[in-house]
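1. dropping a prediction and its sequence here:
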Amino acid sequence: MPSVIAFVPARSGSERVPGKNVRPLAGHPLLAYAIETARQAGVFDRVVCSTDSEEIAAVAVQLLHDERNGEALLID
């Protein structure tokens, strides 16, 4: 049976809102909302966050730490 993976892209380099993926919104990094939405959908076997930023990857790893099948990928 094929796996279904939630792919959360989180690139750095926003010019209008620098660091927006890790900036807090209502007490949580913006990235947390995308990850939590994927978790709550109940249809994904894994949640993967792809980023080009070590800072975003560190936040994603913390957010996905308690996820059964989550991971953060740092891509140049």
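-> Okay, I see it.

2. gap between Ala26 and Leu63?
-> Distance, Ala26 to Leu63, using CB to CB, to the nearest Å: 15 Å. Just so you know, the C-beta spots here come from the backbone N, C-alpha and C atoms, and that holds for glycine as well.

3. do Ala41 as well
-> 16 Å.

4. neighbour count: these two, which is higher?
-> Between Ala41 and Leu63, Leu63 has the larger neighbour count (other CB atoms under 10 Å), namely 22 against 11.

5. wait, isn't the more buried one in contact with Leu30?
-> No - Leu63 is beyond contact range of Leu30, at 11.0 Å (criterion: CB atoms under 8 Å).

6. what pairs with the residue most central in space within the chain across the strands?
-> Geometric centre of the chain, nearest residue: Cys49, 4.2 Å, by CA atoms, centre = their mean. Cys49 has these beta-bridge partners by DSSP bridges: Val8, Ala72.

7. what does Pro24 give?
-> In beta-bridge terms (that is, DSSP bridges), Pro24 pairs with Pro29.

8. run a quick neighbour tally on it.
-> 9.

9. ok, Pro9 next?
-> For Pro9, using other CB under 10 Å, the count is 12.

10. OK, contacts around it?
-> By CB atoms under 8 Å, 6 or more residues apart in numbering, Pro9 lies in contact with 49-51.

11. same question for Ala6.
-> Residues in contact with Ala6 (CB under 8 Å, 6+ apart) are 38, 41, 44, 46-48.

12. closest one of those residues to Arg11?
-> Val48 (14.2 Å; CB to CB).
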